[in-house]
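**Q** sequence? don't have it. structure:
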Ligand code: SF4
């Protein structure tokens, strides 16, 4: 192996791949077979974190950054004056195996610029995965990018070797896509996504009848949307996301704050701040949809098309729905508990467990580490101190904001001392 | 107060707890032998490890609390924290009264403390799953040095054994001077006098030919997968605390 040459390619092709924020390596059930290498049945591990605090779990690279398209938001676009490189299939295989054996990574995330055409590119990606599985007996995690426009046959084959497949929607609205990537159309993105969804459904039903059905993309599909490249609203992003979860059974939708990489006047100028807070609010909303039983129209609607930046979306919802509170910590069911601002799913679990033994008061909740600075306004517990009954949404909000930073507020300390 | 001393092992602790029950000792303090500074006023009882007694206590725990209680207590024990033996004793006493697990009673002090410790153990175990960096040595063995805050290596065994079933590897805890060695067949605990426990990585002359090249590639990858515009130092060190950096080849400067 010519290490200097590999190093140069790796620099270029890791650089080009880094804007895809997906780093997940969980959700697969692939176990180590015949004393081979690797296992991806666990929860996925972040082996390190980049200087920007993001999880590094996969070797995330492009096979090549040559591309025939010219999508304005992408560094790899044809018209961009950058160094180009391409890995040989075997080079990617060797890198993956050698990184994996040293416990640097959970596996490979391979994407690519589109060279020649969609199918030619997809074939190369599949070849890497196939070699890893069949020649190296590799059971680590493989995430392949589905190339927009790739044929159904290839998408079927890809799923036989990959744990996860993803097509990035990138631009949340049709109009945005027309503006920034006029050569592309929505159908090209959706076609491989549909095929993969159908195969997953088929696999699941066949598996019940025939045990030996070959595994198909066990970690499902994901996609990514760029946030802040066009002037879309949060509602437009999240309704698209909700649709993708429902219709295409996405495992994950990722939101990636646009990092300015171009002087193109259609896009935010270079030097514009990456909208990280907005990105964070979108993820919070995403979690509320997937794990907390919220429906999208509760969180975003015509009256409320954008998320608040100063408070989190659950708190924002609760303040708009004060008539549903306070919730009794000692009686409420799981769903109700999960809707209290400041009470996460772990806290819900702790409350449900602990209240089997005794009625819970403020001091119990505090010890469990519940964010009482937010939660206290929305709950009653085994204590007569519930002072918030007649506060308005505005008052509660300003109280919470002024108490700001400290996660556990001292307001109840005087009463707590009586108990302890 | 009576001080009950035991050797460093979990079985030692269980043996000591056996004696506490057997002799109906009241007002006792359990301590590891080496954590203990002799006191003039307290009476000392030294309990040696007795597998049979330990097994009986373990059986008792399982009977009322289930296997998961026993694992839970064992994990807490691995923290090596001085207060843990006492917390474990308190928990077992209550268990014998309640006759059912109280592990999830988050309103009890001992439980909250043990749960907290168990969480710390879990976190450290996961860190080791993540932060182990094997170096391929000249004889083909993949060797890694670790120095975890707690003695979690026994908990990592299964993970590494399933994952790296087709390569010989050894993970060595240089703080406690013992390691886990996998020889393609089975796992065993080893003490290797030849390992220089002062070093954080293996001297280059003992490494396989391409090892340094791979380390450099990894470091190179690590730097290029970063997005400058999103720099967030605080978050970074929160995830990868500085004390672990010396074992992570992407973080230290390669000087060869
Ligand atoms: S097709 Fe993909 S790689 Fe090519 S310019 Fe568009 S987004 Fe970038």
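**A** Received the coordinates, thanks. Here the structure is a predicted model, which means the values were calculated and not measured. Numbers count the residues shown, from 1 in each chain, chains lettered A, B, ... in the order given.

**Q** And the residue nearest the centre of chain A?
**A** By CA atoms, centre = their mean, the mean C-alpha position of chain A lies nearest to residue A:254, the distance being 3.8 Å.

**Q** can you tell me how far the residue lying closest to that one once chain neighbours are set aside sits from the ligand?
**A** Once flanking residues are discounted, residue A:254 sits nearest to residue A:224: 4.1 Å by CB to CB, 6 or more residues apart in numbering or on different chains. C-beta: built from backbone N, CA, C; applies to glycine. For residue A:224, the distance to the ligand equals 11 Å [CB to the nearest ligand atom, to the nearest Å].

**Q** so what secondary structure elements neighbour the helix or strand containing residue A:224?
**A** Secondary structure from DSSP states H and E places residue A:224 in strand A:221-227. Contacts defined by 3 or more CB pairs under 8 Å, 6 or more residues apart in numbering or on different chains; DSSP states H and E place strand A:221-227 against strand A:164-166, helix A:186-209, helix A:234-247, strand A:252-257, helix A:276-291.

**Q** what does that strand contact?
**A** A:20-22, A:24, A:73, A:146, A:164-172, A:193, A:196-197, A:200, A:237, A:240-241, A:244, A:248-258, A:275, A:278-279, A:282 (CB atoms under 8 Å, 6 or more residues apart in numbering or on different chains).

**Q** Show me where chain A has its strands.
**A** Using DSSP state E, the strands assigned to chain A run over residues A:48-49, A:55-56, A:58-62, A:107-111, A:141-145, A:164-166, A:221-227, A:252-257, A:327-328, A:379-380.

**Q** Quick check: beta-bridge partners of residue B:137?
**A** Residue B:137 forms beta bridges with residue B:207, as assigned by DSSP bridges.

**Q** now the strands: where do they sit in the stretch 1-150 of chain B?
**A** B:2-6, B:28-32, B:43-46, B:135-136, B:142-146 (DSSP state E, counting those that start in this stretch).

**Q** Repeat that for the stretch 151-256 of chain B.
**A** Under the criterion DSSP E, counting those that start in this stretch, the stretch 151-256 of chain B contains strands at B:169-173, B:178-182, B:187-190.

**Q** Kindly reformat those as CSV containing distance to residue A:127.
**A** Supplementary listing: the strands of the stretch 151-256 of chain B in CSV, determined by distance: least, CB to CB, whole Å:
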stretch, distance to residue A:127
strand B:169-173, 30
strand B:178-182, 32
strand B:187-190, 36
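
**Q** Would you mind finding the most buried of those?
**A** Among the strands of the stretch 151-256 of chain B, strand B:169-173 has the highest mean neighbour count (mean count of other CB atoms under 10 Å in any protein chain shown), at a mean of 22.

**Q** Mind listing the strands that one pairs with, and their directions?
**A** strand B:142-146 (parallel), strand B:178-182 (antiparallel).

**Q** returning to that earlier point: would JSON lines of the strands of the stretch 151-256 of chain B with distance to the ligand be doable?
**A** Shown next, in JSON lines, are the strands of the stretch 151-256 of chain B (distance: least, CB to the nearest ligand atom, whole Å):
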{"stretch": "strand B:169-173", "distance to the ligand": "38"}
{"stretch": "strand B:178-182", "distance to the ligand": "42"}
{"stretch": "strand B:187-190", "distance to the ligand": "45"}
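
**Q** could the ones you listed be laid out in TSV, adding distance to residue B:236 and mean pLDDT?
**A** What follows is the strands of the stretch 151-256 of chain B, written out as TSV (distance: least, CB to CB, whole Å; pLDDT from 0 to 100):
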stretch	distance to residue B:236	mean pLDDT
strand B:169-173	25	97
strand B:178-182	29	96
strand B:187-190	34	94
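
**Q** So which of these is nearest residue B:213?
**A** Ranking the strands of the stretch 151-256 of chain B by proximity to residue B:213 (CB to CB) places strand B:169-173 first, at 19.7 Å.

**Q** contacts for the closest one?
**A** Contact with strand B:169-173 is made by B:128, B:132, B:134, B:141-148, B:151, B:153, B:156, B:160, B:178-182, B:190, B:192, B:195, as judged by CB under 8 Å, 6+ apart.

**Q** Up against chain A, what does the stretch 1-150 of chain B have?
**A** For the stretch 1-150 of chain B, the residues in contact with chain A (CB under 8 Å from any CB of the partner chain) are B:102, B:104-107, B:112, B:126, B:129-136, B:142, B:144.

**Q** Filter the contacts of strand A:221-227 down to the buried ones.
**A** Buried subset of the contacts of strand A:221-227 (neighbour count, 16 or more other CB atoms under 10 Å in any protein chain shown): A:20-22, A:24, A:73, A:146, A:164-172, A:193, A:196-197, A:200, A:237, A:240-241, A:244, A:248, A:250-258, A:275, A:278-279, A:282.

**Q** who in the stretch 51-200 of chain A is up against the ligand?
**A** The stretch 51-200 of chain A comes close to the ligand at residues A:67, A:69, A:71, A:74, A:76, A:77, A:113, A:114, as judged by CB under 6 Å from any ligand atom.

**Q** Residue A:342 and residue A:369 touch, don't they?
**A** No. Look at residue A:342 against residue A:369 with CB atoms under 8 Å: they stay out of range, at 10.6 Å.

**Q** quick one, which of the two is more surrounded?
**A** residue A:342 (22 against 16; other CB atoms under 10 Å in any protein chain shown).

**Q** and residue A:210, which of the strands paired with strand B:169-173 is closest to it?
**A** strand B:178-182 (35.6 Å).

**Q** Most tightly packed of the strands of the stretch 1-150 of chain B?
**A** Across the strands of the stretch 1-150 of chain B, averaging neighbours per residue (mean count of other CB under 10 Å) puts strand B:142-146 on top, at a mean of 23.

**Q** Touching that strand from outside, list them.
**A** Strand B:142-146 is contacted by residues A:101-103, B:128, B:131-137, B:153, B:164, B:167-174, B:195, B:199-202, B:247 when judged by CB under 8 Å, 6+ apart.

**Q** Point me to the residue of the stretch 51-200 of chain B nearest the ligand.
**A** Distances between the stretch 51-200 of chain B and the ligand by CB to the nearest ligand atom are smallest at residue B:130, namely 30.5 Å.

**Q** Apart from its neighbours in sequence, what residue is nearest the closest residue to chain A within the stretch 101-250 of chain B?
**A** Closest contact between the stretch 101-250 of chain B and chain A, by CB to the nearest CB, is at residue B:235 (2.9 Å). Beyond its immediate neighbours in the sequence, the residue positioned closest to residue B:235 (CB to CB, 6+ apart) is residue A:53, lying 2.9 Å away.

**Q** Am I right that the one you found is in contact with residue B:232?
**A** Yes. Residue A:53 is in contact with residue B:232 according to CB under 8 Å; the separation is 4.3 Å.

**Q** For residue 247, the count of nearby residues, please.
**A** Picking chain A for this. Residue A:247 is flanked by 12 other residues according to other CB under 10 Å.

**Q** try again with chain B
**A** By the criterion of other CB under 10 Å, residue B:247 has 20 neighbours.

**Q** One more: residue A:101?
**A** Neighbours of residue A:101 under the rule other CB under 10 Å: 21.

**Q** my guess is it meets residue B:133, correct?
**A** No. When contacts are counted by CB under 8 Å, residue A:101 is not listed as touching residue B:133 (11.1 Å).

**Q** what about residue B:29, distance to the ligand?
**A** Using CB to the nearest ligand atom, residue B:29 is found at 66 Å from the ligand.

**Q** Bridge partners for that residue, pull those for me.
**A** According to DSSP bridges, the partner residues bridging residue B:29 are residue B:3.

**Q** which residues touch residue 196?
**A** Since no chain was named, I'll use chain A. Applying CB under 8 Å, 6+ apart to residue A:196 gives the contacts A:146, A:155, A:158, A:159, A:165, A:217, A:221.

**Q** Actually, chain B is the one I wanted.
**A** Residue B:196 sits next to residue B:203 when contact means CB under 8 Å, 6+ apart.

**Q** ok, residue B:11 touching residue B:54?
**A** Yes. Applying CB under 8 Å as the test, residue B:11 and residue B:54 come out as touching, 4.0 Å apart.
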